[in-house]
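Asks: pasting a predicted model and its sequence here:
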Amino acid sequence: MSFDVNHWILFLMAGILVAVVLAQSVFFLIKALRRTKELGMDQKKIRKTMLTAAIFTIAPAVAIVISVMVLSKTLGLPLPWLRLSVVGSMSYETVAANNALSAMGQTLGAGSLDAQQFVNVLIVMTVSIMLGIWLVPLIGKKLQKGMKSMENRDKRWANIFQAALFIGMIASFLGFVFCDVSRLWDPASRVVDGVTLSATSGLVPVVVMAASALIMVICGLLMKLPKMKWLSEYALPISLIVGMAVAIPVTAWLG
Amino acid sequence: MKKLSYMDSVHRDGTIWNLSVMVLLLAFPVACCFVFNVAPEWKSLLMGLFATAPMYWAVGAIETVTYVPMLGAGGSYLSFVTGNISNLKLPCALNALDQNGVSANSEEGEVVSTIAIAVSSIVTTIIIIIGVVMIVPLTPVLSAPVLQPAFDQILPALFGGLGVAFVSKNWKIAIAPIVLMLILFIFVPALNAGTVGIMVPVCALFTIGVSRIMYKKGMI
């Protein structure tokens, strides 16, 4: 069969895999929902949780669609569709595809791939990203047991430990927001991919983060009013969307 | 037969699902070889793998150890299959735990986190399907230059709000890691979007260490 990066068979195979992953999500959702009933949890709250999760996911998911569009220009549509639905991320797939192609003396975007190049890219992407999928079944249970036994020994410390993990993760990303601030005083850091950016461009993420944080604070204060309790479900999605919207004028101004 | 506990059944089902997905993922390239009657070019395949796999496997191993205790069991099996953990699944789970006022260590926390991550995975998958089906009309809209900055700044917009929610509740243990990360990210040029993932476990360990000292001294 003659090869094309957008061959219908590739769409079919990617579609089957995406369907299986979708089925896994539905399976775990139903399983957890049943458990909430057994535990006697407030079903109204659970429905709100689902609604918030769905609303919150929309903007980041649209960003993933944009990555699929960018990658589809060189890799065809089925492969990025699969790779970004199952594990994958934009930066990872680009690196993996580039490594696979440069080993064959090719570069990404230099023209349409032939079947052999496609298979090589596919294998490099799949094998390299696969670790978490089998490592979780292998060590997940042991990690959870470790957490449980820590809780049995000292419940208060176990809760602090958990909070410290979350804070550690959030602090790393807060630091990351400031990573380009050095453009203010370091001209060398302003050159990115051969393009010279403005000195203040590193402040854009900082302003966006501050705007999002401010909205969250306002939501938090408003939520205390009896009539505004409903806001708690929308606080994070609202601060995300406002932050993203603020990025547009701020980038025009500082970027 | 002894009835499995909920947690044990999550581990059993998760293992079956994840290993099945893994087999299917590996079957994809094999099927391509048969359908298009082509063999991989082995030498460059090995070179490509060697350039990519070791780094991603190392990062993946660290991510597994760091994220499993945060995501819970069900959430971990799903997240490590559907991906986008730090920029989508984990914030979604954290927000759900916060909203329900349940501890991540409890079984209530486990199911709430699983529900949030499952809903998020389903919505993401469906939105990507819509995007793929409608790629021709959607491409000019979504790649419009005016929207570009908004999607470039998704992480700052996300962690600003999430930071307020969590730092305000744990401000005592948050000060040291935030100060450290600010200094490192501002003054070490090697730390950027590509390396933030590696800093998560480093900072998590640091925060645990600082919290342990504060806990022992009775400061928290």
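Replies: Arrived safely, thanks for sending. Numbers count the residues shown, from 1 in each chain, chains lettered A, B, ... in the order given.

Asks: just the buried positions in the host helix or strand of A:V62, please.
Replies: A:V62 belongs to helix A:43-75 when assigned by DSSP states H and E. For helix A:43-75, burial by neighbour count (16 or more other CB atoms under 10 Å in any protein chain shown) applies to A:45-46, A:48-50, A:52-57, A:59-72, A:74-75. (C-beta placed from N, C-alpha, C; glycine too.)

Asks: list the contacts of the helix or strand hosting B:I173.
Replies: For B:I173, the host element (DSSP H and E) is helix B:171-187. For helix B:171-187, contacts defined as CB atoms under 8 Å, 6 or more residues apart in numbering or on different chains pick out A:160, A:163-164, A:167-168, A:170-172, A:174-179, A:181-182, B:166-167, B:191, B:199, B:203, B:206-207, B:210-211, B:214, B:219-220.

Asks: for the helix holding A:V62, what is the distance to the chain centroid?
Replies: 9 Å (CA atoms, centre = their mean, to the nearest Å).

Asks: thinking again about what came up before, so after the helix holding B:I173, what's the next helix or strand?
Replies: helix B:196-216.

Asks: contact partners for the most centrally placed residue in chain B?
Replies: Compute the mean C-alpha point of chain B, and by CA atoms, centre = their mean the closest residue is B:I85, 1.5 Å away. Taking CB under 8 Å, 6+ apart, we find B:I85 in contact with B:63, B:67, B:71, B:79.

Asks: give the contact list for the first one.
Replies: B:E63 makes contacts with A:132, B:85, B:197, B:200-201, as judged by CB under 8 Å, 6+ apart.

Asks: how about a cut-off of 10 Å?
Replies: When contacts are counted by CB atoms under 10 Å, 6 or more residues apart in numbering or on different chains, B:E63 touches A:131-132, A:135, B:56, B:79-80, B:85-86, B:197-198, B:200-201.

Asks: ranking those by neighbours, who comes first?
Replies: B:S79 (32 neighbours; other CB atoms under 10 Å in any protein chain shown).

Asks: that residue and B:L90 touch, don't they?
Replies: Yes - using CB atoms under 10 Å, B:S79 is in contact with B:L90, at 7.5 Å.

Asks: mutual contacts of these two, please.
Replies: By CB under 10 Å, 6+ apart, the residues touching both B:S79 and B:L90 are B:67, B:70-71, B:113, B:117, B:120.

Asks: nearest to chain A, of the residues you listed?
Replies: B:S120 (4.5 Å; CB to the nearest CB).

Asks: what about the closest one, neighbour count?
Replies: Neighbour count of B:S120, defined by other CB under 10 Å: 31.

Asks: list the contacts of B:L158.
Replies: Listed by CB under 10 Å, 6+ apart, the contact set of B:L158 reads A:56, A:59-60, A:173, A:208-209, A:212, A:236, A:239-240, A:243-244, B:86-88, B:91-92.

Asks: now do the buried residues in stretch B:62-73.
Replies: Neighbour counts over stretch B:62-73 (16+ other CB under 10 Å) mark B:62-64, B:66-73 as buried.

Asks: show me what the helix or strand encompassing B:V10 is packed against.
Replies: B:V10 is part of helix B:6-35, with elements assigned from DSSP H and E. Where contact means 3 or more CB pairs under 10 Å, 6 or more residues apart in numbering or on different chains; DSSP states H and E, helix B:6-35 is packed against helix A:8-38, helix A:78-85, helix A:115-129, helix A:131-153, helix B:73-82, helix B:107-133.

Asks: and that helix, how far out from the chain middle?
Replies: Centre-to-centre, helix B:6-35 and its host chain are 19 Å apart (CA atoms, centre = their mean).

Asks: compute the inter-axis angle for the very next helix or strand once past it and helix B:107-133.
Replies: Next in sequence after helix B:6-35, counting helices and strands by DSSP H and E, comes helix B:42-71. Interaxial angle, helix B:42-71 versus helix B:107-133 (axes from the mean of the first three to the mean of the last three CA atoms, to 10 degrees): 140 degrees.

Asks: pLDDT of helix B:42-71, averaged?
Replies: Summarised as a single mean, pLDDT over helix B:42-71 is 91.

Asks: okay, the angle between that helix and helix B:73-82?
Replies: Using the same axes, to 10 degrees, helix B:42-71 lies at 150 degrees relative to helix B:73-82.

Asks: next, the angle from helix B:42-71 to helix A:115-129.
Replies: Here helix B:42-71 runs at 30 degrees with respect to helix A:115-129, directions being taken by the same axes, to 10 degrees.

Asks: quick check: angle from helix B:42-71 to helix B:196-216?
Replies: Orientation note: helix B:42-71 sits at an angle of 30 degrees relative to helix B:196-216 (the same axes, to 10 degrees).

Asks: check contacts around A:K145.
Replies: So A:K145 contacts B:M7 (CB under 10 Å, 6+ apart).

Asks: that should have said B:A165, apologies.
Replies: By CB under 10 Å, 6+ apart, the contact list for B:A165 reads A:170, A:213, A:216-217, A:219-220, A:235-236, A:239, B:91, B:94-95, B:98-99.

Asks: mind checking which of the residues you listed land in helices?
Replies: Of the positions in the contacts of B:A165, A:170, A:213, A:216-217, A:219-220, A:235-236, A:239, B:91, B:94-95, B:98-99 sit in helices, assigned by DSSP state H.

Asks: near chain B, anything from the helix or strand bottoming out on mean pLDDT in chain A?
Replies: Here the helix or strand of chain A ranked lowest by mean pLDDT, DSSP states H and E is helix A:90-102, holding a mean of 85. Yes - Helix A:90-102 reaches chain B (CB under 10 Å from any CB of the partner chain) through A:90-92, A:95-102.

Asks: what angle separates that helix from helix B:196-216?
Replies: Here the directions of helix A:90-102 and helix B:196-216 differ by 140 degrees (the same axes, to 10 degrees).

Asks: how about helix A:90-102: buried residues?
Replies: In helix A:90-102, counting by 16+ other CB under 10 Å, buried: A:90, A:92-101.

Asks: can you report phi and psi for A:G88?
Replies: When read as degrees, to the nearest 10, the backbone of A:G88 gives phi 30, psi 160.

Asks: I'd like to know how many residues surround the closest residue to it other than its chain neighbours.
Replies: The shortest distance from A:G88 to any non-neighbouring residue, by CB to CB, 6 or more residues apart in numbering or on different chains, is to B:G83 (5.3 Å). Other residues near B:G83 number 24, with proximity taken as other CB under 10 Å.

Asks: contacting residues for B:G83?
Replies: A:21, A:64, A:83-89, A:92, A:129, A:132-133, B:89, B:121, B:124.

Asks: how close does the residue nearest the centre of chain A get to B:A96?
Replies: Nearest to the mean C-alpha position of chain A, by CA atoms, centre = their mean, lies A:P60 at 6.8 Å. Using CB to CB, to the nearest Å, A:P60 is found at 15 Å from B:A96.
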